[in-house]
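# What follows is a protein structure lacking sequence information:
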């Protein structure tokens, strides 16, 4: 009989400890994770090129983070630049510097899918900036860019008509 009481006592104790530990430790983590996800997604919706300086791709040949100090709002997005001069370049010729396909990956578009590109995987083809979903897509696209660009443009037009 004493063994059963000991077993029940241990079972209740372990159960209580486990629920207490889970409640106190996991609840704050889940809440923090939700807040972090919410802020990240809100920022990403309003920050063009994830805060990278569009001019740096053309002038410096590399992806360079911009600064909120040198920002402007264009087409509903906030764009960051690494200097006042770069911001002025953008103002003078926005069409030259804006990423094609509203930052969607042209390789994905050529395949009929709308997947956002990432500013760290990019190519400049015929003076136009393209963001790719990953390095593999960028490298594959470059091998047959003319054919894939043609398909991407055709699919982009179809997809944009559906959205309107």
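Structure's in. What do you need? Remember, predicted model here, so these are calculated numbers, not experimental data.
# residues contacting residue 79?
By Cβ atoms under 8 Å, 6 or more residues apart in numbering, the contact set of residue 79 is 48-49, 54, 66, 71-73, 90. Bear in mind the C-beta positions are built from the backbone N, C-alpha and C, glycine included.
# again, only this time at 7 Å
Residue 79 makes contacts with 48-49, 54, 71-72, 90, as judged by Cβ atoms under 7 Å, 6 or more residues apart in numbering.
# which non-adjacent residue is nearest the residue nearest the centre of the chain?
Among the residues of the chain, the one closest to the centroid is residue 118, at 5.7 Å (Cα atoms, centre = their mean). Of all residues not flanking residue 118 in the chain, residue 131 sits nearest, at 6.1 Å (Cβ to Cβ, 6 or more residues apart in numbering).
# my read is that neighbour is in a strand, agree?
Yes - according to DSSP: H, G, I helix; E, B strand; the rest coil, residue 131 belongs to a strand.
# show me the contacts for it.
Residue 131 makes contacts with 99, 103, 105, 117-119, 121-122, as judged by Cβ under 7 Å, 6+ apart.
# Ok, residue 100 next?
Counting by Cβ under 7 Å, 6+ apart, the residues that residue 100 touches are 106, 128-130.
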